[in-house]
Structure formats: structure tokens, C-alpha cells
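Enquirer: how does the following fold in three dimensions:
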Amino acid sequence: MRAPLVNFRRFQISAPWPIVWTLTALYLLARFAVFAVRLLVGAVRHWRAWPVVAVALVAIDGYRSHGWWPHLLALLTAAAAAGLWWWRGRDSFHRLVVLRAVTLWRRVWVYRRQWHEVMSLCGLVKKYDGGEKLPRLLSVRCSYATDELVVRMPKGQNPEVYHKAARDLAYSFGTRHCRVFSGRRQAPPARTGRLAWLLRLVDRVRFRDRPRQVWLVLIRRDPLTRVVAPLPVPARPDFTALPLGVREDLAVYCLRLLATHVLIGGATRMGKGSVIWSLFRALAAGIRSGLVRVWAIDPKGGMELAIGRPLFSRYVDDDWTRMADLLDDAVTRMRARQQALRGKVRVHTPTTDEPLIVVVIDEIAALLAFLPDSDIRQRITQALGLLLTQGAGLGVLVVAATQDPRKEVVSVRDFFPTRIALGLTERAHVDLLLGDGARDRGALADQIPTTAKGVAYVLLDGQPEPARVRFSYLPDDVIRDMAATFPAPPEITPDPIDVPAPTVVKPRTNGNGRHTYRPTPPKQDTPLLPSSLLNALNLDPTSNGSDPR
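Expert: So this is what the prediction gives:
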């Protein structure tokens, strides 16, 4: 049996001493290198703390040299500069000073202090090799109403775990709402200038896809409890970003209307009118200039849309047949654009000559499920099916509202790409309207109180998680003033499309009004007998004009 390298009992070393000291020195050198690299990485990662460290070192040196007087003078100077900054540039002062101070405080005191406890109690800690793997808090950014936390998940987790623990996380950190996002919430900025190519390379690294990161947005104070005032009317509507309301993070919610159809679902008196009238207000300048044509249908007899009648190029609220005719005319207009744009473009660009046509239906269920006349109901269903499947790229859009999003009521529900869920009466209606799993991802539309009219959950572009929005409320006086200020120009009916009329065969009668079936003899281009038999019978006349045999 070989002797050990080191006999600790007698402290005898069988190996030569130079080898031992050389290995010990190499080991300590490697440990020192690892410590230096970690220190350098930590310094680079926390580069924002460099000015604080520098100020602290200067303050210590000044105190040793001159006492407290330099500190007091510097404090008074900083207070005077901050007061002047706050007076002259309040927004920048709040963004660069106040919010950063709030971020530092909440990062250290609210989140870092109780991070391990909250993660353990919420079931987000993984056990591995006798130890614990915690989600890592990477950054915290505070706004006036929200705290955005970037968290790196340990291996063995996915964002669905955080969706399920969202309410536990919210109440654990002292808030009531927590939104979980599996993708980055900010898009890369548009770079211009000489150094744009370099900044784009930096953004490519900064904004690269990170599947193991989730974004937790905790609502510190709910800004959607207050009624949102009417937003300003854009001078020219941007159909890719129409301002309609306010989001939870106090950002303006903009709806993309170009090349899409919108379905609005919500119970009675939960704010469907707020969504519709906010949309009309965002389109008001385009309505007056003729860039947008609104065709409105109000099956409730005009109780909702009649107050803004001057805004609409066409309007029907009292006749089911005229409603079906309006939808048929929209299909006809769509067909005409198909012939004009075929092979040229894939998405229609609105102009005053070829405007964007928005067909607004206040209660689509009345037309699809509860219309008493089955023939008219079938016409409406067919027209809506054609518009929803073909009209988005041709600039003929449908915006519809309903109280019941079930398939039995709204049979064309699946053809609406954009959907807005206001307060709903049943839990299952959330997934029916926004898609499977929407409620598990945070769309609690069935829990919106009746006092929060106009609050809704919507799906933003590029994000599977729904966002919470409150649409602006327009009183009746504001609607009347808007209709008087932005009236729609007279509707110009386009030339009809030349379509050959089908040939109608009149039935034959025998004089007493009864139909008599008489088969039409088939048209014969060739003789019934083959040419060999015809030659044998010699049925053709002779060349000298005599009668055939």
C-alpha cells in the first residue's frame, strides 16, 4: 500500500518540497486570477455605481482634509441645482433623478431583501444536487405606476410557471397585479445618422432573443381606476397606430387597424361604446378629408350610433333588408378593388379616391343569430364571410361588437384577427374571445368590476400575453361636437361592374298555364351513322343532280 502524499498526523511529506510549494503557488495564482476576473466583470456589470464610488472616495478625502464644511457646501449647491432643474425641466428631472432613485430604493429594499423568501414560498425554487437554484433578478426599472423586473429562470422552468404564480408574486411584493411577459417588451430603436451601423450592431446584441428571461411587471398603483378623457384628434390618422386609450404603464394604447378586422366583446354596459367612439375620434380627420368612409349598422334602432350620424357615409338602423344591401354593396366595392389591384399590390393603400372603408356593426349577434328572416340572415352571413376572409388587404374592414362571443352566436368569430375583451360574464368567454390560454396568461376579463367601464384586455403585436387597457370615454356633447366638426363628405357611388347576366330559360306552357315538358333535341354536328354506312346506302345526291336511290 502506497504512503499518502501528506501525513497530517506527523506532518510528514513524502514528495519533494519544491514540488509542493510550486503547486501551492499555482493554485493560489489561479484563485487570484478567478477573483480578479469576477471583480472586473462585476465592475463592468455595475458600471452605473462608478460615479457613486468616486463621490464617496472624494467625500472621505475631503472630510479628512477639511472637515464637514465642503460636504455642507456641496449639499447646498446640489440642492439648488436640483431645484433649478426641477423648475425648468420637470419631466427630465423626474425621469433621470426621481425614477432612478425610486428604482434603487425598491430594488434594494423591496425585491433584494425578500427575494429568496418570496421565490421559495411561491414555488419557483428548484432543488438540485443538495442545493437550491433561484430565479436570478437581473434588473429593476420603475415608472410612475409599474415596476419591471427582468428575471433569469433556472434550468427546468418555463414562463408558464410564472404565469400561474403571477397573483402570488403580486401580493407577496405588496401589489395587486402582476403581468408576466415571455418576450422583450421594447422593440429595438430605429437608428439614423453616421454611427447608425455601429448602433445597430450593439442593438443586435442588446435585443437578441433570450429564451430564459421573463419580464415581470408589477402594478404599483393602478392608473386605470380613473376615467380616461378623450384623446386629441390626430391631424392625419395613422392606420397602424390609432390612439384609443391608456395602458397600465401609462403609455398610450394604439390600435393597428390597417389590414385587419376587430371584434369587441363585452357584457352590457361594460364600455363597448367607449371603444367604438374612441376609434371614430382617432379616424375623425380622415373621415372629414374623405380618406376614411365609415358605413355604420346599428341593429339596436340607433340607440348607440345615431348620435354621431354626420360621421357616417352610410348608416342603417331600422331595416334588415337595407342592412343586408349595405353589406352586399361592401362586397361589390371589394370585388371592384380586386380587379383593380390584382397583380399590383397585396395591401391596399387608402387614398381619397379609394378610401378605407370601415363597416361598423354595433351588435353583430342580432344579425347572425337573432334575425327573424332566415333569407336575410343568410345573405348577411355570406356577405360578412366574404368581407372577413378577403376584405382586410383590400381596405374593406369590419369592426363589430357583441355581448356573447360563443360560436353559436357569432359564427364568424374566428375570422377576426384583432380582438378586444371588455368585462365578460363568464370565465370561459375569455378564452373564446382572446384564444385558448389567454386567461391563464393574465386576461382576467371576467373579474373586471362593473365600475371599471372601458377597461379591457387586448393582444399587442408580437406579444402572446394580453395587455390591460382603458379606453377613453366620450360624453354625448363631445360626440355631437365631433360629428359637427368632422362630417363625412357625400358618398360617391362607383360605376357598376359589368357582369354578364345569366340567361333565363322561360318554361313552355300548353295554353292553360300548366308547364309541359318538351325535351330540346340535341345539336348534331356529325351524322348519327358512320361514313362507311352512309357510302353503302348512297344517301348523298349524285353529281348529276338525280334523286338518291
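
Enquirer: surely Leu305 meets Pro299?
Expert: No. In this structure, Leu305 is not within contact of Pro299 by C-beta atoms under 8 Å, at 10.1 Å. Bear in mind the C-beta positions are built from the backbone N, C-alpha and C, glycine included.

Enquirer: any common contacting residues for the two?
Expert: Residues touching both Leu305 and Pro299 (C-beta atoms under 8 Å, 6 or more residues apart in numbering) are Asp317, Asp362.

Enquirer: more crowded one of the two?
Expert: Counted by other C-beta atoms under 10 Å, Leu305 and Pro299 do not tie: Leu305 has more neighbours, with 25 against 21.

Enquirer: list the residues that contact the nearest residue to that one once chain neighbours are set aside.
Expert: Spatially, and ignoring its direct neighbours in sequence, Leu305 is nearest to Asp298 (4.2 Å; C-beta to C-beta, 6 or more residues apart in numbering). By C-beta under 8 Å, 6+ apart, the contact set of Asp298 is Glu304, Leu305, Ala306, Tyr315, Val316, Asp317, Asp362, Glu363.

Enquirer: all helices of the stretch 151-300 of the chain, in order?
Expert: Assigned by DSSP state H, counting those that start in this stretch, the stretch 151-300 of the chain shows helices spanning 159-164, 166-172, 196-206, 272-282, 284-289.

Enquirer: most packed of those?
Expert: helix 272-282 (a mean of 25; mean count of other C-beta atoms under 10 Å).

Enquirer: of the contacts of Asp298, buried ones?
Expert: Glu304, Leu305, Tyr315, Val316, Asp317, Asp362, Glu363 (16 or more other C-beta atoms under 10 Å).

Enquirer: surely the first one touches Gly273?
Expert: Going back to what we said before, that points to Glu304. Yes. With contacts counted by C-beta under 8 Å, Glu304 reaches Gly273, the gap being 5.7 Å.

Enquirer: next one: phi and psi at the residue nearest to Leu305?
Expert: phi -120, psi 90 (degrees, to the nearest 10).

Enquirer: same question for Tyr473.
Expert: According to degrees, to the nearest 10, Tyr473 has phi -110, psi 130.

Enquirer: how many residues are close by the closest residue in space to Leu224 that isn't next to it in sequence?
Expert: Nearest residue to Leu224, sequence neighbours excluded (C-beta to C-beta, 6+ apart): Arg470, at 4.2 Å. A count of nearby residues for Arg470, using other C-beta under 10 Å, gives 25.

Enquirer: which one of the contacts of Asp298 is nearest to Val292?
Expert: Val292 lies nearest to Tyr315 out of these, by C-beta to C-beta, at 14.6 Å.

Enquirer: quick one on the thing from earlier: which pair in the contacts of Asp298 spans the largest distance?
Expert: Tyr315 and Glu363 (14.9 Å).

Enquirer: list the contacts of Leu474.
Expert: Counted by C-beta under 8 Å, 6+ apart, Leu474 has contacts Pro230, Ser274, Trp277, Ser278, Arg281, Met482.

Enquirer: kindly report the same for Leu99.
Expert: Contact analysis of Leu99 by C-beta under 8 Å, 6+ apart lists Cys142, Ser143, Tyr144.

Enquirer: pretty sure Pro405 sits against Asp431.
Expert: No. Pro405 lies out of contact with Asp431 (C-beta under 8 Å); the separation is 9.6 Å.

Enquirer: just the strands from the stretch 201-350 of the chain, written as ranges.
Expert: Remark: strands assigned in the stretch 201-350 of the chain by DSSP state E, counting those that start in this stretch are 213-219, 242-247, 252-255, 262-265, 292-297, 314-316.

Enquirer: deepest of the ones you listed, which one?
Expert: strand 262-265 (a mean of 26).

Enquirer: just how off-centre is that strand within its chain?
Expert: From the chain centre to the centre of strand 262-265 is a distance of 13 Å (C-alpha atoms, centre = their mean, to the nearest Å).

Enquirer: tell me the strands beside that strand, with direction?
Expert: strand 396-402 (parallel), strand 418-421 (parallel) (DSSP bridges).

Enquirer: turn the ones you listed into TSV, columns for mean neighbour count and distance to Val58.
Expert: As requested, the strands paired with strand 262-265 are exported to TSV (neighbours: other C-beta atoms under 10 Å; distance: least, C-beta to C-beta, whole Å):
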stretch	mean neighbour count	distance to Val58
strand 396-402	24	62
strand 418-421	24	55
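
Enquirer: figure out which of these is closest to Glu148.
Expert: That would be, of the strands paired with strand 262-265 and by C-beta to C-beta, strand 418-421, which comes in at 23.5 Å.

Enquirer: just the CA coordinates for the helix or strand just after that closest one, please, in PDB.
Expert: Following strand 418-421 in sequence order, the next helix or strand is helix 428-434 (DSSP states H and E). The C-alpha trace of helix 428-434 is given here as PDB (Å, rounded to 0.1, in the frame of the first residue of the first chain):
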ATOM      1  CA  ALA A 428     -65.000  30.600 -20.500                       C
ATOM      2  CA  HIS A 429     -65.800  33.600 -22.600                       C
ATOM      3  CA  VAL A 430     -62.300  34.900 -22.100                       C
ATOM      4  CA  ASP A 431     -60.600  32.100 -24.000                       C
ATOM      5  CA  LEU A 432     -63.400  32.100 -26.600                       C
ATOM      6  CA  LEU A 433     -62.700  35.700 -27.400                       C
ATOM      7  CA  LEU A 434     -58.900  36.100 -27.000                       C
END
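
Enquirer: buried sites along helix 428-434?
Expert: For helix 428-434, the neighbour count (16+ other C-beta under 10 Å) marks His429, Val430, Asp431, Leu432, Leu433, Leu434 as buried.

Enquirer: where does the stretch 1-150 of the chain have low pLDDT?
Expert: 1-17 (pLDDT under 70).

Enquirer: redo that, cut-off 50
Expert: 8 (pLDDT under 50).

Enquirer: circling back to that earlier point, could the strands paired with strand 262-265 go into a markdown table alongside mean pLDDT?
Expert: Compiled in a markdown table, these are given as follows (pLDDT from 0 to 100):
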| stretch | mean pLDDT |
| --- | --- |
| strand 396-402 | 95 |
| strand 418-421 | 93 |
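
Enquirer: tell me which of those strands lies nearest to Leu386.
Expert: Among the strands paired with strand 262-265, the nearest to Leu386 by C-beta to C-beta is strand 396-402 (9.5 Å).

Enquirer: between strand 292-297 and the closest one, find me the angle.
Expert: Put simply, strand 396-402 runs at 40 degrees to strand 292-297, going by axes from the mean of the first three to the mean of the last three C-alpha atoms, to 10 degrees.

Enquirer: now stretch 100-108: buried residues?
Expert: For stretch 100-108, by 16+ other C-beta under 10 Å, it's Val102, Thr103, Arg106, Arg107.

Enquirer: hey, which helix is longest across this protein?
Expert: Longest helix in the chain, counting residues (DSSP state H): helix 17-45.
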